[in-house]
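**Student:** generate coordinates for the sequence data below:
(2 chains)
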Amino acid sequence: MSKVKKKIKTIKIDADKCNGCRACEVICASFHAAPKYSSNNPARARIRLIRDPIKDIFLPVYAGEYVAAECAGRDKYVIKGKEYSECDFCRASCPSRDVFKEPDSGLPLKCDMCEDDPSLKEPWCVQWCLADALTYEEREEEVEEEVKLGDMELGLKALVDKYGWQKLADSMARLSQKG
Amino acid sequence: MRYAETGYNLEIDLSRGNIERVETDPGLAERFLGGLGTNAKILWERVSPEVDPYSEDNLLIFGAGLLTGTPAPGANRTIVSSFSPQTKLMAYSMMGGFFAPELKHAGYDKVIIRGRSPEMVYLWINNDKVELRDARHLLGKGTLETAELIRQELREPNAQVAAIGLAGENRVYYASIEQGRSSASRLGMGGVMGDKRLKAIAVRGTKDVNIARPAEFMEQCNEILKYVKFREKHPLGMVPPILAGLGSPQEMRIHDEEWHTTNFTWGNARLRRKDFWTKEVEQSWKETQEKARERFLSCYNCPLSCGASVAYPGVPKYMMKCYSKLTYTMAAMSDLDFGYKINYNAQTYGVDGFTTPQVIAFALELYEAGILTDRDLPGMPAGSEERFFWLLEKIVRREGIGDVLANGTYWAAKEIGRGADEYAHNNIKKHEQLPLKLGMLNPIYFLMYSTGEKINITQIEGQFPQAPFPKREEREEFVKDWVQVPEEKFKQYFLDWEPRGENSIPYYPSVEATCEIVDWMEKMHHIDDSTGMCAGLSSFPLKPAYHLHNYPSLISAATGIDFDEAKLKQAAKRNRTLIRAINVRRGLRRVDERPPEDHWKHRFPELETKLLDAYYHFKGWDNQGVPTRECLRELGLDDVGEDLEQRGITGNEQSEKED
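**Tutor:** Residues are numbered from 1 along each chain as shown, chains lettered A, B, ... in the order given. Below you'll find the model as predicted:
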């Protein structure tokens, strides 16, 4: 594969500024509803706020890759006296927990930086974070060219992992026959 | 499909342990919006006026607002409604936080609780799975600890929990329901919950809340946020810092407390300390404040951080907002440091931050006066702060004198006798008020204090400045971008309002203008309380983000029900009138509608009569404050009118004037 220059979209998360309002979850879930904004449900958001005010833990985490198996990570981090589980920082949609999955279908969710036409100047979560905990940044990087999987492909891949190729293919065939 | 609302209520019968999911009438939102409005409708229909607040037949309703759970910024309120053990009238106490949105996502607009459980239980709502669970192991636990223990035993860190503490368990008349940093505090809803033997409600929901016209709705939400940002950059000049921004008064952010400490009274709502705020106090309070505050906190989907987590040295961590840091401090004639300490205990036990310090200050004043003696207060320590801690313990356990004081100053004074009622001097309708004692009667405030059904001034005031600005140029500046006014004439009322001379209080604003101003302020609160919008973005601050002109289209886009200004105002009026009818049926009359006698030094009985007459007439009520048949008919509440008539309560414009 060849190297290409690519604009990398990033979000800087200043967890110290987070006030715990979860507006990021709200606007994310609404934007990604179909049709757009037609419903709200933070359980569908591609950003999650790990929030424990008494322990002063406020950690916005974005949904990343879907993984078929859970990892071995069971460690704990203590940062300035606050204890985090290793999982808290993880972006994966993985079998060991129910975050970053559609609550009804269980299909994986992934942050897409609010891809839209016309494209937005900043992802919605950044625009709705008036506490400035989330800041949008762009930088250029040389990266390997890759084919990105879309929502549908990611979903299908998760189904393959769960049921196997054969069952999925059978189901697709049955469905298509029923029209 | 239902939009904005879920269309389902949960009916919980604690006596029988029965749980039902009931579909609601889709026509109700158009007439009563939701939240407070539909809560009131249920209370009117299902709780007859003779029902004692502490009885199986009383209902306790946790209602989410119509817009709660939609992306409308700040729409996160839970409206808890029932009948108050203290006033015996309808009570509605509201809390922000995260409870009501979670309830909506679980698929319910309300939880309606009746009966009384044989043993202490808690309710666990997890989407479609709803169960009552044993809570005997949680007896005596603090409110925050209860929530944490429940989350742990359910293995659901995202469950939102509303819980009572020891005060609620012991049916203290001013016990609160606590939920994180928010609480439903006023009028004893925690006592009703305790009487029902319900320790907590935990809820987790992962369902959609639908929006009828998505693009239109979201555009308006973005406008609201834009305005919030603008106001952050441009605080209002001309008013004290505490009133310059949006949100609840920014008690956790601002340390300049000159306005509260010199204008509000100390002790048992007696002493005004006009020279309290010295450089020294300012420095020391600033240090205390910075030491206490760990992080600013917001409620669900709200950009304003009105609360904070408190990590005060020597005190377990808790969360707070607003004014309770001062209520205890000032009642105990003490220091801010004390406020931060005792608030932890108060929240753990779950008591109202307005009433509790006043009850304690009242008891101590009775002691000074020799009405309560060492025999009533055996073992009470010496210092004021120690006495506050000591009496709080007695009250929440209903031990000794605490059993009497747990009913609030009005009922305690009755029971104590020996002239104690002179000391319960700061009540309206048996309910303790903000400790404020002023000179000249303000006609606007006179009407709000007298007639407010919430019986709490902060839940009716807002919109119109509390006092005139000294200079005309300032007033002209203020009205320039005052888009929130219902009509242009309100600007004129304010422009012509002078601190002194002919156009000053008590005779200005005129009786007619006063009625209109009060009605506007109250209307905004009723809309908020039904939509679940926080007053901090709408009905409470000056020049708020939500107002009569942008609300109708926002509600229309969310619900798909077309509202214009007239229809929205009519719905607010319907709700307001219905609550009045509920209370009238329970005996509320004109004689109950007056501020504390000593609220103002200079009173004007003739003017006050005129104001009340005019306001009742303006509202469509007779001179006893009873809604007239005609007014009820016009609001589509003819059945209410009929019920009142059958009971011999007639709202008749022509009825005899009171002597």
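
**Student:** what's in contact with the helix or strand of chain B with the lowest mean pLDDT?
**Tutor:** Of the helices and strands making up chain B, the lowest-confidence element is strand B:318-321, at a mean of 89, by mean pLDDT, DSSP states H and E. The set of residues external to strand B:318-321 that reach it, using C-beta atoms under 8 Å, 6 or more residues apart in numbering or on different chains, is A:53-54, B:144, B:180-182, B:248, B:251-252, B:297, B:306-310, B:343-344, B:347-348. Yep, even glycine has a C-beta here, placed from its N, CA and C like the rest.

**Student:** pLDDT score assigned to A:Glu141?
**Tutor:** The pLDDT attached to A:Glu141 in the predicted structure is 86.

**Student:** list the buried residues in the helix or strand hosting it.
**Tutor:** Element membership of A:Glu141, judged by DSSP states H and E, is strand A:134-144. Of the residues in strand A:134-144, those with enough neighbours to count as buried (16 or more other C-beta atoms under 10 Å in any protein chain shown) are A:Leu134, A:Tyr136.

**Student:** and for chain B, the residue most distant from the center?
**Tutor:** With C-alpha atoms, centre = their mean as the measure, chain B has its most outlying C-alpha, relative to the mean C-alpha position, at B:Arg375: 36.7 Å.

**Student:** quick one: it is in a strand?
**Tutor:** No. When classified by DSSP: H, G, I helix; E, B strand; the rest coil, B:Arg375 is found to be coil rather than part of a strand.

**Student:** okay, now A:Pro95: neighbour count?
**Tutor:** The criterion is other C-beta atoms under 10 Å in any protein chain shown. On that basis, A:Pro95 has 15 neighbouring residues.

**Student:** what is the burial count for the closest residue to it other than its chain neighbours?
**Tutor:** Closest residue to A:Pro95 in three dimensions, ignoring its sequence neighbours and counting by C-beta to C-beta, 6 or more residues apart in numbering or on different chains: A:Glu70, at 5.3 Å. A:Glu70 has 13 neighbouring residues, counting by other C-beta under 10 Å.

**Student:** show me what the mean pLDDT comes to for stretch B:520-529.
**Tutor:** Average pLDDT, stretch B:520-529: 98.

**Student:** hmm, I was thinking of stretch B:636-645
**Tutor:** When the per-residue pLDDT values of stretch B:636-645 are averaged, the result is 97.

**Student:** re the thing from before, given the least confident helix or strand of chain B, what are its sheet partners and their directions?
**Tutor:** Based on DSSP bridges, the pairing partners of strand B:318-321 within the sheet are strand B:307-310 (antiparallel).

**Student:** so B:Phe389 is in which element?
**Tutor:** Take DSSP H and E as the rule and B:Phe389 turns out to sit in helix B:384-397.

**Student:** check the offset of the helix or strand following the strand holding A:Glu141 from the chain's centre.
**Tutor:** Proceeding C-terminally, strand A:134-144 gives way to helix A:151-163 as the next helix or strand, assigned by DSSP H and E. Helix A:151-163 has its average C-alpha position 16 Å from the chain's average C-alpha position, going by C-alpha atoms, centre = their mean, to the nearest Å.

**Student:** what ranges do the helices span in chain A?
**Tutor:** Ranges of helices within chain A are A:23-31, A:124-128, A:151-163, A:165-178, based on DSSP state H.

**Student:** pick the most buried one from these.
**Tutor:** Burial among the helices of chain A, expressed as mean neighbours by mean count of other C-beta atoms under 10 Å in any protein chain shown, is greatest for helix A:23-31, which shows a mean of 26.

**Student:** re earlier: which other residues reach the helix holding B:Phe389?
**Tutor:** The set of residues that contact helix B:384-397 without belonging to it, under C-beta under 8 Å, 6+ apart, is B:165-167, B:170, B:172, B:328, B:331-334, B:338, B:342, B:345-346, B:349, B:351, B:356-357, B:359-360, B:363-364, B:379-381, B:399-402, B:405-406.

**Student:** 6 Å - rerun?
**Tutor:** Counting by C-beta atoms under 6 Å, 6 or more residues apart in numbering or on different chains, helix B:384-397 makes contact with B:166-167, B:332-334, B:338, B:342, B:345, B:349, B:360, B:363, B:380-381, B:400, B:402, B:405-406, all of which sit outside it.

**Student:** can you tell me which of those residues are in strands?
**Tutor:** Filtering those for membership in strands, criterion DSSP state E, returns an empty set.

**Student:** okay, now the domains of chain A?
**Tutor:** Here the domain assignment for chain A is A:3-146, A:149-179, based on automatic domain parsing.

**Student:** output the below-cut-off pLDDT ranges for chain A.
**Tutor:** Across chain A, residues meeting the criterion (pLDDT under 70) sit at A:1, A:179.

**Student:** up against chain B, what does it have?
**Tutor:** For chain A, the residues in contact with chain B (C-beta under 6 Å from any C-beta of the partner chain) are A:19-23, A:26, A:30, A:37-41, A:43, A:53-54, A:56, A:103, A:130.

**Student:** strands - which of the residues you listed land there?
**Tutor:** Those of the residues of chain A next to chain B lying in strands (DSSP E): A:Ser39, A:Asn40.

**Student:** of the residues of chain A next to chain B, buried ones?
**Tutor:** Buried, going by 16+ other C-beta under 10 Å: A:19-23, A:26, A:30, A:37-41, A:43, A:53-54, A:56, A:103, A:130, out of the residues of chain A next to chain B.

**Student:** closest to the centroid, which residue in chain A?
**Tutor:** A:Ala63 (1.9 Å).

**Student:** any idea how far that residue is from chain B?
**Tutor:** As for A:Ala63, its distance to chain B is 15 Å (criterion: C-beta to the nearest C-beta, to the nearest Å).
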